[in-house]
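1. Sequence and predicted structure below; questions after.
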Amino acid sequence: MMVAELTFLDRLKLSQDQLTELEGLRRSERLEQIADWQNSNLSEIVDWLGDETGMAVVSHEHFDLDRLSAIPLRILHEFHCVPIKLLDGDWEEDQLALATGWPVEGIMDDWVYATCGQRPIWRLANPDRISKFITQNLGVGAESLDESFDIDDDLVSAEVAEEEDDDAAIIRFVNEVFHQAVEEGATDIHFEPMEDELRIRYRIDGLLVSVPVPDNLRKFQDAIVSRLKIMAKLNISERRLPQDGRINLKTAETILDIRLSTMPVMYGESISLRLLNKKSSPLSLQQLGMSDADQQKVDRALGLPHGIILVTGPTGSGKSTSLNAFIRKINSEDRRIITVEDPIEYEVPGVNQIQVKQEIGFGFAEALRHVLRQDPNVIMVGEIRDRETADIAIRASLTGHLVFSTLHTNDSAGAITRLTDMGIEPFLIASGVELVIGQRLLRRLCQDCYELKPIERTVVLDSLGVLDMPDSAMDGVLQLPVAKGCERCRNIGYKGRIGIYEILRVTEALHDPIVNREAAPLMREIGRKGGLVTLGESGWNLTRKNLTTLDEVVRTISVKEG
């Protein structure tokens, strides 16, 4: 049945171009596109379609996992349908009932009857719920690697029934893995060969999550690895040495810049991919979770004509995101801003952004040396990795430039001792560094399902000890939030991330301890007397505001600071 022949579409008053576009979409994507055109949510469109077609609408709670394996995978995918348990009307107990996300065509009945031996009872369901049910229970891209029959293209449209070879199936599977990663908000994808399986994991909100995959995925391992290497323009015959590459991929409305790394392991090659979404919206300081008091400290430093601002923390703590927020805040016509990055994660209009190329000897130090000849007002160095880069950055901050950069240290005070360990003279550090920001990213508590529960005093006291906070912090606290889990947060209890910050201003009180090479704990204590809020205290404050949980704060910080 052609889309244009469906009478209910007449009432939507779609243009011919829109009907043509709808024709080219999968059945699973059509209602979502209509919802977008009508400025409605998908559930409203599903209910409307049920009224228009006379099909009863069922919820995902009616989906029948027990009968899922009895229906050929190709049928589930091509017709975008799943078995359900009927709770209404007259029907026989063993009768087959299916829910679909688009009105039923006659050919669907014929194919289900031919493969399952029954004429099904049809219902309508949210197509997004159907897709998630199939993925969760059969694996990402399962239909691409299905080795069962091909639906005859004399009976269904060419778009659905196109005859495919193994290469096309692998291409579709890999694309589906990328698509699902974007849908889930993943920052990394890991393909990990094990003895009996090829495991795929996404890193979502900082934690690794196993991806459900088809049972037969292991036999396609070599083909999948080769496909990824081809996309990254790597040597597919080299399996003994690590390789690094880059993939530019457009999926739906997303443009991905993917950094790929291969590593030989016991059962094949492990592949890790870092996903950088070029279309993602950059975050402001407020969206990053920074408190008003901390924003004022940062704003003061951003307004200085010179000096260096350092952001510290482990890999994945959001340092580059913070630097980007600083750049966007001060970007103006009267300032020449130059950045040296690896990689360039966000494009900033009006800013001169430089990508380092270590393979040709153009690293941070080399780039920074030449940047100083370009008459910049503000310089952003993606990371200080060695003494030479640190020395140039510090001296640039002392000669009239405002410099931003990052360091890998546990806390803000640790950045001072790290620079000293690199061989930078302490008096240069005391004179050049204006602000050090230690940070972490926590999982944000799902605001749709969290619960408040009475505290267990001994547990909270132990946690406060880990956070290096006094017992008095618990005074007046009777209940704290705990994660529960719902459909919106994939039953995890958390959705998105939020930052905690520890901002150390290098004041006169810190000058002598820095010059005398004092230890980081002493400098942190001096900072606390001057108003420094530690990472633990920042996390505790977010817990009190029901934005995260105490368990999450402890997990992220894990040990006492310093």
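-> Cool, got the structure.

2. hang on, residue 509 is in a strand, isn't it?
-> No. Counting by DSSP: H, G, I helix; E, B strand; the rest coil, residue 509 is located in no strand; its state is helix.

3. Neighbours of the nearest residue to it once chain neighbours are set aside, how many?
-> Leaving aside its sequence neighbours, residue 509 sits nearest to residue 526 (C-beta to C-beta, 6 or more residues apart in numbering; 5.4 Å). To be clear about C-beta, it is placed using only N, CA and C from the backbone, and glycine gets the same treatment. Using other C-beta atoms under 10 Å, residue 526 has 18 neighbouring residues.

4. and the helix or strand containing residue 178, what does it pack onto?
-> Secondary-structure assignment from DSSP states H and E places residue 178 in helix 166-184. The helices and strands touching helix 166-184, judged by 3 or more C-beta pairs under 8 Å, 6 or more residues apart in numbering; DSSP states H and E, are strand 186-193, strand 198-204, helix 221-231, strand 243-251, strand 254-265, strand 268-277.

5. Lowest average pLDDT across those?
-> Mean pLDDT is lowest for strand 243-251 among the helices and strands packed on helix 166-184, at a mean of 86.

6. picking that back up, was I right about the residue nearest to residue 509 contacting residue 511?
-> No. Taking contacts as C-beta atoms under 8 Å, residue 526 lies outside contact range of residue 511: 10.3 Å.

7. quick revisit: what are the neighbouring residues in contact with the residue nearest to residue 509?
-> By C-beta atoms under 8 Å, 6 or more residues apart in numbering, the contact set of residue 526 is 509, 510, 513.

8. Could you dump those into CSV with distance to residue 558 and pLDDT added?
-> Putting these into CSV (distance: C-beta to C-beta, whole Å; pLDDT from 0 to 100) gives the following:
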residue, distance to residue 558, pLDDT
509, 29, 93
510, 27, 94
513, 27, 93
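
9. Helix or strand: which one has the residue nearest to residue 348 when sequence neighbours are not counted?
-> Excluding the flanking residues, the one nearest residue 348 by C-beta to C-beta, 6+ apart is residue 327, at 5.7 Å. Assigned by DSSP H and E, residue 327 belongs to helix 319-330.

10. cool, residue 538 as well?
-> Under the criterion of DSSP H and E, residue 538 resides in helix 535-544.

11. count of neighbours near the residue nearest to residue 348?
-> For residue 327, using other C-beta under 10 Å, the count is 21.

12. With residue 557 instead?
-> 23.

13. Now do the contacts for it.
-> Contacts of residue 557 by C-beta under 8 Å, 6+ apart are 440, 466, 467, 535, 536, 539.

14. neighbour-wise, which of these leads?
-> Counting by other C-beta under 10 Å, residue 539 has the largest number of neighbours within the contacts of residue 557, with 28 neighbours.

15. so what pLDDT did that residue get?
-> pLDDT, read off for residue 539, is 94.

16. need the contact list for it.
-> Each residue near residue 539 by C-beta under 8 Å, 6+ apart is listed here: 440, 442, 467, 500, 548, 552, 553, 556, 557.

17. among these, which are in helices?
-> Residues of the contacts of residue 539 located in helices (DSSP state H): 552, 553, 556, 557.

18. returning to that earlier point: with the contacts of residue 539 in mind, which one is nearest to residue 7?
-> For these, the residue nearest residue 7 by C-beta to C-beta is residue 548; the value is 50.6 Å.

19. Do I have it right that the closest one meets residue 444?
-> Yes. Using C-beta under 8 Å, residue 548 makes contact with residue 444 at a distance of 6.3 Å.

20. where in the protein is pLDDT low?
-> Residues of the chain meeting the criterion pLDDT under 70: 1-6, 88-93, 141-166, 251-253, 278-282, 559-562.

21. separation between residue 246 and residue 384?
-> Remark: distance between residue 246 and residue 384 (C-beta to C-beta, to the nearest Å) = 24 Å.

22. Counting neighbours, go ahead and name the busier of the two.
-> Between residue 246 and residue 384, counted using other C-beta under 10 Å, the more crowded position is residue 384 (28 against 14).

23. contacting residues for the more buried one?
-> Taking C-beta under 8 Å, 6+ apart, we find residue 384 in contact with 310, 364, 390, 393, 405, 406, 407, 422.

24. do the same with residue 250
-> residue 256.

25. Please tell me how far it sits from residue 345.
-> In this view, residue 250 and residue 345 are 17 Å apart by C-beta to C-beta.

26. before we move on, the earlier item: what's the distance between the residue nearest to residue 348 and residue 410?
-> Per C-beta to C-beta, residue 327 is found 25 Å from residue 410.

27. do residue 364 as well
-> 22 Å.

28. Next: residue 446.
-> Residue 446 is 29 Å from residue 410, where distance means C-beta to C-beta.

29. do the same with residue 194
-> Distance of residue 194 to residue 410, computed by C-beta to C-beta: 33 Å.

30. between those two, which one's more packed in?
-> Neighbours were counted for residue 194 and for residue 410 using other C-beta under 10 Å; residue 410 has more, 19 against 13.

31. Make sure the more buried one is indeed in a helix.
-> No. Checked against three-state DSSP, residue 410 lies outside a helix; its state is coil.

32. Could you shift the numbering so residue one becomes 883, and keep it that way?
-> Yep, numbering from 883; the last one is residue 1292 now.

33. about what we covered before: touching both of residue 1430 and residue 1326, which residues are there?
-> 1376, 1380.

34. Closest to residue 891 out of the contacts of residue 1408?
-> residue 1392 (69.2 Å).

35. Could you report the separation of the closest one from residue 963?
-> Shown here: residue 1392 relative to residue 963, a distance of 66 Å by C-beta to C-beta.

36. Over to residue 1384?
-> According to C-beta to C-beta, residue 1384 stands 53 Å off from residue 963.

37. what's residue 1110 in contact with, if anything?
-> Neighbouring residues of residue 1110 by C-beta under 8 Å, 6+ apart: 1056, 1073, 1129, 1142, 1153, 1155.

38. returning to what we had before: I'd like the contacts of residue 1408 laid out as JSON lines, including distance to residue 1366.
-> Formatted as JSON lines, the contacts of residue 1408 follow (distance: C-beta to C-beta, whole Å):
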{"residue": "1391", "distance to residue 1366": "45"}
{"residue": "1392", "distance to residue 1366": "44"}
{"residue": "1395", "distance to residue 1366": "46"}
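
39. Now, of those residues, which are buried?
-> Buried by 16 or more other C-beta atoms under 10 Å: 1392, 1395, out of the contacts of residue 1408.

40. quick one: contacts for residue 1289?
-> The neighbours of residue 1289, taking C-beta under 8 Å, 6+ apart as the test, are 1192, 1193, 1194, 1265, 1266, 1297, 1300, 1301.

41. nope, residue 1321 is what I meant
-> 1193, 1194, 1195, 1199, 1200, 1201, 1204, 1381, 1382, 1383, 1384, 1417.

42. re earlier: please tabulate the helices and strands packed on helix 1048-1066 in a markdown table and include distance to residue 1010 as additional columns.
-> Output for those, formatted as a markdown table (distance: least, C-beta to C-beta, whole Å):
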| stretch | distance to residue 1010 |
| --- | --- |
| strand 1068-1075 | 18 |
| strand 1080-1086 | 18 |
| helix 1103-1113 | 26 |
| strand 1125-1133 | 17 |
| strand 1136-1147 | 17 |
| strand 1150-1159 | 21 |
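
43. Nearest approach to residue 991 belongs to which of these?
-> Closest to residue 991 of the helices and strands packed on helix 1048-1066 is strand 1125-1133 (C-beta to C-beta; 33.2 Å).

44. where along the stretch 1183-1332 of the chain do the strands fall?
-> Applying DSSP state E, counting those that start in this stretch to the stretch 1183-1332 of the chain gives strands spanning 1189-1194, 1219-1223, 1234-1237, 1260-1263, 1284-1289, 1315-1327.

45. I meant the stretch 1333-1444 of the chain, not that one.
-> According to DSSP E, counting those that start in this stretch, the strands that the stretch 1333-1444 of the chain contains are 1333-1336, 1361-1364, 1376-1387.

46. I'm done for today, thanks for sticking with me.
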